[in-house]
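[1] need coordinates for the following:
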Amino acid sequence: MKRVLRRLRLITPFTLELPVGQEEFVQRLRQHVAPPNTNPFGRLGRIFSPTVAPYSGVVQRDYFRLKPRTEGNQAFIPSIEGHIVPLASGTRLEAELRGASGFFLFFALFYLVFWVFALTSLLMQGSDTTMSTIFFILFAMLLQGGFMVGIPYASARRHMQKAAYELERDLFYFVQRPERV
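    Numbers count the residues shown, from 1 in each chain. Reported below is the predicted structural model:
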């Protein structure tokens with residue numbers, strides 16, 4: 001499944017080199033990352049949360065998993081998972097941005113299964129099926145697929161590009177100004 005998502009560019013690599021040591025970077029990053037949300041009420045519980053960190057997730061000595069904390073639609077917010085590699089000149093982050101949430105994949109697979117079932121039942125129907133009917137069904141499938149899968153795919157790709165830009169900007173900011181503002 002990961003191979004398919006990489007080909008669709010819903011999982012992309014992310015590499016960044018920073019001019020600080022590994023321990024110092026981890027310490028600075030932890031100041032800006034809230035613990036993962038375990039609240040069963042989702043974002044509603046964040047109203048009473050004392051932290052205002054821009055990211056939620058886990059930061060360890062050589063591993064991190066982050067997700068931006070936003071107020072908007074959470075279905076297309078990518079998660080970032082990667083490793084922290086020490087270098088002689090600083091630190092390198094080797095990560096993957098995952099833009100395909102389970103919500104998006106569920107509806108895309110449901111759509112695909114629905115149309116495979118519909119086309120199979122249409123073709124097994126017998127002699128009532130004409131070529132014009134098949135072409136009409138294929139045209140309707142492509143048109144509907146553009147709306148049901150194409151638009152969410154484009155939105156997920158746009159959110160991934162925006163998240164990569166904001167993550168790079170935020171990490172450089174966290175390195176330059178370690179204290180929380």
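
[2] next, count neighbours for residue 33.
    Residue 33 has 21 neighbours, counted by other C-beta atoms under 10 Å. Yep, even glycine has a C-beta here, placed from its N, CA and C like the rest.

[3] residue 161 versus that one, what's the distance?
    Residue 33 is 22 Å from residue 161, where distance means C-beta to C-beta, to the nearest Å.

[4] neighbours of residue 103, just the number please.
    With other C-beta under 10 Å as criterion, residue 103 counts 13.

[5] roughly how far does it sit from residue 76?
    Taking C-beta to C-beta, one finds residue 103 at 9 Å from residue 76.

[6] what's the helix or strand harbouring residue 161 packed up against?
    Secondary structure assignment for residue 161, by DSSP states H and E: helix 151-176. On a contact count with 3 or more C-beta pairs under 8 Å, 6 or more residues apart in numbering; DSSP states H and E, helix 151-176 meets strand 11-18, helix 22-30, strand 63-68, strand 90-98, helix 102-123.

[7] now that helix: buried residues?
    152-153, 156-157, 159-160, 163-164, 167, 170-171, 174-175 (16 or more other C-beta atoms under 10 Å).

[8] in CSV, list those residues along with distance to residue 25.
    Below are those laid out as CSV (distance: C-beta to C-beta, whole Å):
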residue, distance to residue 25
152, 35
153, 34
156, 29
157, 29
159, 25
160, 23
163, 19
164, 18
167, 14
170, 13
171, 8
174, 8
175, 7
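
[9] of those residues, which is the nearest to residue 8?
    Checking the buried residues of helix 151-176 against residue 8 with C-beta to C-beta, the nearest one is residue 153 at 7.4 Å.

[10] any chance of TSV for the helices and strands packed on helix 151-176, columns mean pLDDT?
    Below are those laid out as TSV (pLDDT from 0 to 100):
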stretch	mean pLDDT
strand 11-18	91
helix 22-30	91
strand 63-68	91
strand 90-98	92
helix 102-123	82
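
[11] residue 91: how many residues sit nearby?
    21.

[12] if I pick it, what's in contact with it?
    Applying C-beta atoms under 8 Å, 6 or more residues apart in numbering to residue 91 gives the contacts 17-18, 20-22, 25, 84-85.
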